[in-house]
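**Student:** No letters, just coordinates:
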Ligand SMILES: NC(=O)c1ccc[n+]([C@@H]2O[C@H](COP(=O)([O-])OP(=O)(O)OC[C@H]3O[C@@H](n4cnc5c(N)ncnc54)[C@H](O)[C@@H]3O)[C@@H](O)[C@H]2O)c1
Ligand SMILES: [Zn+2]
């Protein structure tokens, strides 16, 4: 078991990563949330058995623990689910000392974190991420929230967990495509912050793809460390530092918008988005062709797309992409702020990159 600390003054919390011994989770949970009256586990329906097992570990007598299942999928980050969970909390007579435990991917973490931030003006919560994306990204940093039908992530709060518990065994049931999608964010951390980490991903690609337990623990740990450092330096996205986590995401969100829902998983769209950003950085002379090639090769090795599929390329006109990119929330006052690499391990914010070069970078990844 590996442990690291997210340093946020009074809101600091530990992240434990590995395959736990029999009762380890129960002990750690009681340490992290002392004097808790009730534990409410909210889990993704696809990890029901894993959640039930953990419930047994935490409270073998099952009196003070409740399990609530939520349907899988992004549509569960909704006002309806929020309402349902609030009412469940009411019927369970949940008080200020109650603790919520989120077991699932980013959808469950975001939803349950937001319930925790609002119930009784805020109760403690624990993240147990079960997708690679949630382990390396969404469970760290305290962003919680839900969607409106018209707009993603527009309702939310910053609310830090008391503990993040990454049981790598939970990945055993995760479909390969979801696992690879999470690897896109892992590659992102290497490109934006850590060349040595990027090199270790290149060196250990086959162990990582084979989900070797040691390799998985290492990539989750380093990714969490890097994200935790950024979050500690800019908890509420006020200094601009946290924006570097958005590398590949302005292009990627536009790709998610224009491709039909479900065509690309988030990490797949980010992989193409990072390739577009990398192309733009190359044409601006900000980094070298060999840096870009290393990034593209590693993404491809992890089975991630680096180009838009020919069948849907016609949807990606310059106008449609620019409109979608300007709608991205990282835009400010109608000016595109793009995170672009200057080498593997370092990125910078670039404002007002020339439109023709952005369009060329998009075209270079079409079909
Ligand atoms: N809060 C943040 O900082 C942050 C950061 C990035 C993403 N997010 C959010 O995270 C969400 C995406 O997260 P995600 O990719 O984890 O998606 P997800 O939660 O929808 O999980 C992906 C799929 O995997 C299934 N699943 C989860 N764990 C499983 C397991 N162990 N075995 C088998 N199936 C399993 C789920 O049922 C779902 O079908 C988005 O809503 C996004 O907005 C939040
Ligand atoms: Zn992302």
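**Tutor:** On my side now, so go ahead. Note that the structure is a prediction, hence the values are computed from the model and not measured. Numbering: from 1, shown residues only. Ligands and ions are numbered 1, 2, ... in the order given.

**Student:** element containing residue 96?
**Tutor:** If you go by DSSP states H and E, residue 96 is not part of any helix or strand.

**Student:** which ones are touching it?
**Tutor:** For residue 96, the contacting residues are 120, 123, by Cβ atoms under 8 Å, 6 or more residues apart in numbering. For every residue, glycine as well, the C-beta is placed using N, CA and C.

**Student:** Now do it, the pLDDT please.
**Tutor:** Residue-level confidence at residue 96 comes out at 96, pLDDT.

**Student:** Is residue 7 in contact with residue 232, as I believe?
**Tutor:** Yes. Contact criterion Cβ atoms under 8 Å: residue 7 and residue 232 qualify, at 4.9 Å.

**Student:** Tell me which of the two has more neighbours.
**Tutor:** residue 232 (16 against 13; other Cβ atoms under 10 Å).

**Student:** hang on, the more buried one packs against residue 11?
**Tutor:** No. Look at residue 232 against residue 11 with Cβ under 8 Å: they stay out of range, at 10.2 Å.

**Student:** Count residues in the vicinity of the residue lying closest to residue 295 once chain neighbours are set aside, would you?
**Tutor:** Leaving aside its chain neighbours, residue 295 sits nearest to residue 278 (5.4 Å; criterion: Cβ to Cβ, 6 or more residues apart in numbering). Residues near residue 278, counting by other Cβ under 10 Å, number 29.

**Student:** if I've got this straight, residue 278 is in a helix?
**Tutor:** Yes. When classified by DSSP: H, G, I helix; E, B strand; the rest coil, residue 278 is found to be part of a helix.

**Student:** any idea how far the top helix by length along the chain is from the chain center?
**Tutor:** Ranked by residue count under DSSP state H, the longest helix found in the chain is helix 213-233. Offset of helix 213-233 from its chain centre (Cα atoms, centre = their mean, to the nearest Å): 12 Å.

**Student:** repeat for stretch 174-182
**Tutor:** For stretch 174-182, the distance to the chain centre is 13 Å (Cα atoms, centre = their mean).

**Student:** before we move on, what about stretch 356-367?
**Tutor:** Counting by Cα atoms, centre = their mean, stretch 356-367 comes out at 26 Å from the chain centroid.

**Student:** Repeat that for stretch 126-136.
**Tutor:** For stretch 126-136, the distance to the chain centre is 8 Å (Cα atoms, centre = their mean).

**Student:** cool, and stretch 301-308?
**Tutor:** That offset, for stretch 301-308, works out to 19 Å (Cα atoms, centre = their mean).
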